[in-house]
Structures are given as structure tokens and as C-alpha cells.
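Enquirer: pasted the sequence and its predicted model underneath.
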Amino acid sequence: MFASTSAPSPSLGQRFTAGTAVALMHLSARLPRRARLGLAHRLGDLAWVLVPRARRVARRNLEIAFPEYTTVQRRRLLRAHFHALGEALLELGPLWLWPLPRALGLIREVKGAEAVDAALATGKGVVLFTAHLGSWEAAVQYIGQRWPVTVLYMATRNPLINDHLVTGRSRSGARLVAKEGGIRPLLQALQRSEIVGILPDQNVDPREGVFAPFFGRPACTTPLLGRLADRRQSAVFGLFAYRLEGGAGFRLEILPMPEGFPSGDPEADATAMNAVLEGAIRQAPAQYWWVHRRYKDPAPGWDYPYG
């Protein structure tokens, strides 16, 4: 008899987590804007209490990123960040469950899209990169309906949530490829003169990354952006979706990379990318994903900051 190669069934805990998330999405899709915002903030307050590890990681990241802030200022930013986490969760309901035209109507303003159109016209493809900032899910919906795009994503450990994630992100036309599948689909998309989207702002294994400054401290950073751009001499843009105050929707901003990118030097290119990411984050610091251990793998000579 051959051993089964099918994936293991989701655990009871995974089923409960996915069921709760789906129920919250359906609820948020039906709530009025102010009620949805209020519930999002209460969920953020609940996470503040129930997930102390995330609170500690975010607090330490803010100490690194904003040493000029007072303790009171950083604490206010930390509370605002947890409210933003709640907003990020509940806005998935409208973005993934509303009729697509209505969901896209939440994107109130877009700056810089014409530059992407012009770059695509050269026939060399375009690489868009963003961060876990604001509503990157809204950004995926926008680019999926406007351009042919392949988006790299990291699969979650919960297969049920992963199924919803792929369905939600691809509903406007984006093609999703898992990180585990390698970069060949991305190179093929650029070869077809299409768009590739990546989120390169999180910690990577030191065997795969380079160290580049991020808010004044070396962070292990993927060199993928520079490599993709160099393969096809593709234009590169940063794409950031900021959440408007009061849950009123989103503002998208598309920024070109500085002259000379890519340089062919992985560390220099990672440094240039991180500088763009940092500038975008400083526009709306509460909306960044500070609960991520960005400095999990410290550079030689630097301490582990989350002890």
C-alpha cells in the first residue's frame, strides 16, 4: 500500500480560528462604517490585553524606530497601532465580500498610476513592492483590476485561512503564487511584460538575505527586489495604501525608486528599498505591522532586541 500524500486535515483549533475569522468578516461586511470602526478598536483593545507577547514586540520596535519620542508618545502610538490592527482585520469583510465595484469604491484616491502605465509600455515589465502598512489588501484589489499582475505571498499555517486569503486577494484578477514555489512565476510574468507584486519588508533567514538599515538598525532584508529588476531591467515602484481617518476608505500612492536602482549591489539595493519603506511608514506609523519581529536575526555585533 502507498502512503497517503494528501494534506492532513485541519485541526480543531485551526477550524475554530478560521470559523471565527470568517464570521467576523461577514459581520464587518454588514455593519455600518462607524459600528465597524468601533468594533475594530475594541478588538484591538482585546488583543492588547490577551496577546502580551505581540504588545512587547511592538513596543520594542517602536523604541528602536522612534527613539526621539517620549515614553508617553510611544505608548499612544502603540495603542493606536493595536486599533489599526483591528481595522486591518475587519476591513477584509468589505474588501473581500462586497460586490467588487463597491469594494473598489473604498479606494478614494490614487497617485502615480500613470507612471506605471508608461513603464509597462516599454515592454520590460514592472515590479511593485509594498509593506505590511495600511491596507495592503486594498492595494492588491486595485492592481488586480487595473493591470495583469502576479503577486508573491507567504502561505499561512492554517490551510482554511489560507484558502480564504487566496480567494480574497485574487478576486479582482491578481494571480497569486506562494513563496514556496520559487521566483520562476515572477520572472515569467516580467517576461510577458506584466507586473509583479511583492511584500519585502519582513525578516528573512540570514542565509537568504542581506543586512540593510531599517529605522537606524541593521535588518535582515531580502535582496529579491533588486534581483527581479536587474533580470529584465524592469521599472520598480513602491505602492502604499494608507487608511483614511474614521474608516472612510483608502488612499494609494505609487512612488518611483531613486535613480540608479538597481545598482547590482545587493546591500545597496536593499538599503535603497528600506529607505523608501521607512519613508512610507513614517507617513502613518500606527498603520505599520509593528508586531512582527523585524530584527529577529540580528546583524553581527548587534544584540537580539526582543529578549
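Expert: Perfect, thanks for sending it.

Enquirer: and the gap between residue 291 and residue 105?
Expert: As judged by Cβ to Cβ, to the nearest Å, residue 291 and residue 105 stand 30 Å apart. The way it works is simple: take the backbone N, C-alpha and C, and place the C-beta from them, glycine included.

Enquirer: most centrally placed residue in this structure?
Expert: In the chain, the centroid-proximal residue (Cα atoms, centre = their mean) is residue 132; its distance is 2.9 Å.

Enquirer: quick one: the closest residue in space to that one that isn't next to it in sequence and residue 134, what's the gap?
Expert: Excluding the flanking residues, the one nearest residue 132 by Cβ to Cβ, 6 or more residues apart in numbering is residue 289, at 3.6 Å. Here residue 289 is placed at a distance of 10 Å from residue 134 (Cβ to Cβ).

Enquirer: who has more neighbours out of residue 291 and residue 105?
Expert: More crowded of residue 291 and residue 105, by other Cβ atoms under 10 Å: residue 291, with 20 against 12.

Enquirer: report all helices and strands that the host helix or strand of residue 227 contacts.
Expert: Per DSSP states H and E, residue 227 falls inside helix 224-232. Other elements packing on helix 224-232 under the criterion 3 or more Cβ pairs under 8 Å, 6 or more residues apart in numbering; DSSP states H and E are strand 126-129, helix 184-191, strand 195-198, strand 235-243, helix 266-283.

Enquirer: would CSV of the ones you listed with distance to residue 44, mean neighbour count and mean pLDDT be doable?
Expert: Output for those, formatted as CSV (distance: least, Cβ to Cβ, whole Å; neighbours: other Cβ atoms under 10 Å; pLDDT from 0 to 100):
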stretch, distance to residue 44, mean neighbour count, mean pLDDT
strand 126-129, 27, 26, 99
helix 184-191, 34, 18, 97
strand 195-198, 27, 26, 98
strand 235-243, 13, 23, 99
helix 266-283, 19, 19, 99
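
Enquirer: could I get these as TSV with distance to residue 72?
Expert: Converted to TSV, the helices and strands packed on helix 224-232 look like this (distance: least, Cβ to Cβ, whole Å):
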stretch	distance to residue 72
strand 126-129	34
helix 184-191	44
strand 195-198	37
strand 235-243	24
helix 266-283	19
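
Enquirer: nearest to residue 112, of these?
Expert: Relative to residue 112, the nearest member of the helices and strands packed on helix 224-232 by Cβ to Cβ is strand 235-243, separated by 7.0 Å.

Enquirer: the closest one vs helix 266-283, what angle?
Expert: Put simply, strand 235-243 runs at 30 degrees to helix 266-283, going by axes from the mean of the first three to the mean of the last three Cα atoms, to 10 degrees.

Enquirer: what angle do strand 235-243 and helix 224-232 make?
Expert: 140 degrees.

Enquirer: how far does strand 235-243 sit from its chain's centre?
Expert: With Cα atoms, centre = their mean, to the nearest Å as the basis, strand 235-243 stands 10 Å off its chain's centre.

Enquirer: good, wrapping up.
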